[in-house]
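J.: Show me how the following folds:
(chains A and B)
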Amino acid sequence: MFCLSVIKDKIPIHPQHFSIPAEETITAELNKKYANRVLHDVGLCICVFDLSKVGEGKVRYGDGFLWYEVTFRMVVFRPFESEVVVSKVKSSDEDGIRLTMGFFDDMYIPAMYLPQPSAFDPNERAHFWLPGSELTTATELLDTPTSERMYIDQGDVVRVRVEQDEFCDDEPGPVKVVEGVVQEKARGRPPYTVVCSIAEQGLGPVAWWNGAQVVEEGEEGEDAMEEG
Amino acid sequence: MEVINARSALLSNYEVLTLLKELESEHLARTKAIQRIKKEDEASGKGVIPGNNTTVVETSENLRTVEVEAIGYLGADYLPTSGQTPEGITKLVKALEPYELTKTEKLQIVNLAPTTPVELYVIVEELEDRLGERMDELLENIQTIQGTSTVAAPVNGVSEGAQIIQEGEGVATWANPGGFEEDADAVYDEDMFDDTGEGAGVEGDLDAEED
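T.: Next up is the predicted model:
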């Protein structure tokens, strides 16, 4: 889920911080620049792990800052493909489920990665799964009694498999001004999205599988769940 | 900026949680120091220029946000991370060696500490072909090393042991796992003592000076 990335950068240190040990200020500046931000094709930066190499501080023409060339290691959130992670359901809609990990919200389960047969219940605003059912269309599924359905509710803790991740680096574009007032831009695509799947035995809400403790085969797990 | 290696090493959840907790305690110590400096300046009647702390670096807001949220996630009770110890993880990884698992599979086992076969199925590919009969043994290993805090049902060995004690016989068999657990605890305590000792010392100093 987390990994270390080696990054090289030039960092300016303001003269007011010269009395503090350089290592501390450099780490603080790096954290200010990177923490909680998505680096394209790298992942979501959490914090600096350590500094591996720091060059001599240099003063450039134009300001009084000391510029350090730093090579450092960064803790980065980037789950690898096919990794199993535990997450929480943030919201559901017709297209799928959105997950949250607290510090990262752009995780989605598209409807195609839900266990089949499943459908979206607009009354409950949640997807449900009908294990072992022969029905296929959404209308047929919505006619079934509610007691048989296995709902994936908001706030449920789910175990998911990471299928793919995608980085978008959208240009900010020009500022829109209407009658002299700067318009706030609608939020575009998130810079980093993770697509997950729960269409597999053992995946989905953790509570589904807790009942099936002494199960050897996935099929038996299904039976146990139907009883429970 | 230049990315030299986007993925030079993998980190376990426990390592990240420890790092973030260290940062958190450092941050707390720092805010205390800032407050103390403010107080001293006020007491000595010096004019304080706001935002001009020359001796202490302030933590950035972004770092605080991600720190608090990630600690909240990693410390949640549905993850085994908060109950883990460095010794426990080392033991677990050593115990996993004979099963010929890949590096990423081992990492996920450490991160998620599967307790049921279903959970293990998801993590390990072609589980039955590769492990077969040894799967239960592996699960038992994970449970004993991981500690029983996350396991709802009591582990077989423990309940057996309890029965034996009730009968007042076969104390020798009980003593073995008991001794083993005590050992693990001892190592863990020693390490933890070092950590808290450092932290407590710093806090104590600050308090003393504040008074």
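J.: can you give me the helices in chain A?
T.: Counting by DSSP state H, the segments of chain A that form helices are A:22-34, A:138-142, A:206-210, A:218-227.
J.: pLDDT averaged over the third one - what is it?
T.: Along helix A:206-210, the predicted confidence averages to a pLDDT of 82.
J.: and it, how far out from the chain's middle?
T.: In terms of CA atoms, centre = their mean, to the nearest Å, the centre of helix A:206-210 is found 22 Å from the chain centre.
J.: Counting by contacts, list what that helix packs against.
T.: strand A:157-167, helix A:218-227 (3 or more CB pairs under 8 Å, 6 or more residues apart in numbering or on different chains; DSSP states H and E). Every C-beta, even on glycine, is put in place using the N, C-alpha and C of the backbone.
J.: Now it: buried residues?
T.: A:208-209 (16 or more other CB atoms under 10 Å in any protein chain shown).
J.: mind saving the C-alpha coords of it as CSV?
T.: Output in CSV follows, covering the C-alpha atoms of helix A:206-210 (Å, rounded to 0.1, in the frame of the first residue of the first chain):
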residue,chain,number,x,y,z
VAL,A,206,-15.8,-7.8,5.9
ALA,A,207,-18.9,-8.8,7.8
TRP,A,208,-20.0,-11.0,4.9
TRP,A,209,-17.1,-13.3,5.4
ASN,A,210,-16.7,-13.3,9.2
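J.: ranking the helices and strands packed on helix A:206-210 by mean pLDDT, which is last?
T.: Among the helices and strands packed on helix A:206-210, helix A:218-227 carries the lowest mean pLDDT (a mean of 44).
J.: Which secondary structure element of the chain has the lowest mean pLDDT?
T.: Unless you meant another one, I'm taking chain A. helix A:218-227 (a mean of 44; mean pLDDT, DSSP states H and E).
J.: that's the wrong chain, I wanted chain B
T.: Per mean pLDDT, DSSP H and E, helix B:156-167 ranks last in chain B, at a mean of 39.
J.: where are the low-confidence patches of chain B?
T.: B:46-56, B:147-211 (pLDDT under 70).
J.: Spatially nearest residue to residue A:13 (excluding sequence neighbours)?
T.: Nearest residue to residue A:13, sequence neighbours excluded (CB to CB, 6 or more residues apart in numbering or on different chains): residue A:66, at 4.6 Å.
J.: how close does the one you found sit to chain B?
T.: Noted for residue A:66: a distance of 14 Å to chain B, by CB to the nearest CB, to the nearest Å.
J.: State the number of residues packed around the nearest residue to residue B:1 once chain neighbours are set aside.
T.: Leaving aside its sequence neighbours, residue B:1 sits nearest to residue A:9 (CB to CB, 6+ apart; 4.5 Å). Counted with other CB atoms under 10 Å in any protein chain shown, the neighbours of residue A:9 add up to 17.
J.: Residue A:9 and residue B:2 touch, don't they?
T.: Yes: counting by CB atoms under 8 Å, residue A:9 does reach residue B:2; the two are 7.2 Å apart.
J.: Contacts only, for residue A:43.
T.: A:3, A:5, A:76-78, A:192, B:6 (CB atoms under 8 Å, 6 or more residues apart in numbering or on different chains).
J.: tally of neighbours for the spatially closest residue to it that is not a sequence neighbour?
T.: Spatially, and ignoring its direct neighbours in sequence, residue A:43 is nearest to residue A:78 (3.1 Å; CB to CB, 6+ apart). Residues lying near residue A:78 (other CB under 10 Å) number 23.
J.: And what about residue B:139, helix, strand or coil?
T.: Here residue B:139 is recorded as helix under DSSP: H, G, I helix; E, B strand; the rest coil.
J.: which residues touch the nearest residue to residue A:177 once chain neighbours are set aside?
T.: In space, and not counting its chain neighbours, residue A:177 is closest to residue A:183: 6.8 Å by CB to CB, 6+ apart. For residue A:183, the contact set (CB under 8 Å, 6+ apart) comprises A:175-177.
J.: Specify which member of those is nearest to residue B:29.
T.: Nearest to residue B:29 among the contacts of residue A:183 is residue A:175, at 42.0 Å by CB to CB.
J.: Please tell me the pLDDT value assigned to the residue nearest to that closest one when sequence neighbours are not counted.
T.: Of all residues not flanking residue A:175 in the chain, residue A:182 sits nearest, at 5.9 Å (CB to CB, 6+ apart). At residue A:182, the pLDDT value in this model is 78.
J.: What's opposite residue A:182 in the beta bridge?
T.: For residue A:182, the beta-bridge partners under DSSP bridges are residue A:177.
J.: In this structure it contacts residue A:174, no?
T.: No: in this structure, residue A:182 is not within contact of residue A:174 by CB under 8 Å, at 11.1 Å.
J.: For those two, indicate the residue with more neighbours.
T.: Taking neighbours as other CB under 10 Å, residue A:182 and residue A:174 compare with residue A:182 leading, 9 against 6.
J.: how near is that one to residue A:80?
T.: Going from residue A:182 to residue A:80 by CB to CB, to the nearest Å gives 41 Å.
J.: model confidence over stretch A:115-132, on average?
T.: Mean predicted lDDT for stretch A:115-132 stands at 86.
J.: Now it: buried residues?
T.: Judged by neighbour count using 16+ other CB under 10 Å, the buried positions of stretch A:115-132 are A:115, A:117-121, A:126-131.
J.: taking those one by one, which sit in strands?
T.: Counting by DSSP state E, these place A:118-121, A:126-129 in strands.
J.: Show the contacting residues for residue B:135.
T.: B:117, B:120, B:127-128.
J.: Likewise for residue A:41?
T.: A:167, B:3, B:6.
J.: Over to residue A:50?
T.: A:72-73 are the contacts of residue A:50 under CB under 8 Å, 6+ apart.
J.: who's it bridged to?
T.: Taking DSSP bridges, one obtains residue A:73 as the residues bridged to residue A:50.
J.: hang on, residue B:66 packs against residue A:47?
T.: Yes: assessed by CB under 8 Å, residue B:66 is found in contact with residue A:47 at 7.1 Å.
J.: so how far is chain A from residue B:24?
T.: Taking CB to the nearest CB, one finds residue B:24 at 11 Å from chain A.
J.: Would you agree that residue falls within a helix?
T.: Yes: counting by three-state DSSP, residue B:24 is found in a helix.
J.: While we're on residue A:154, how confident is the model there?
T.: 89.
J.: Could you count how many residues lie near the nearest residue to it once chain neighbours are set aside?
T.: Of all residues not flanking residue A:154 in the chain, residue A:89 sits nearest, at 5.4 Å (CB to CB, 6+ apart). A count of nearby residues for residue A:89, using other CB under 10 Å, gives 20.
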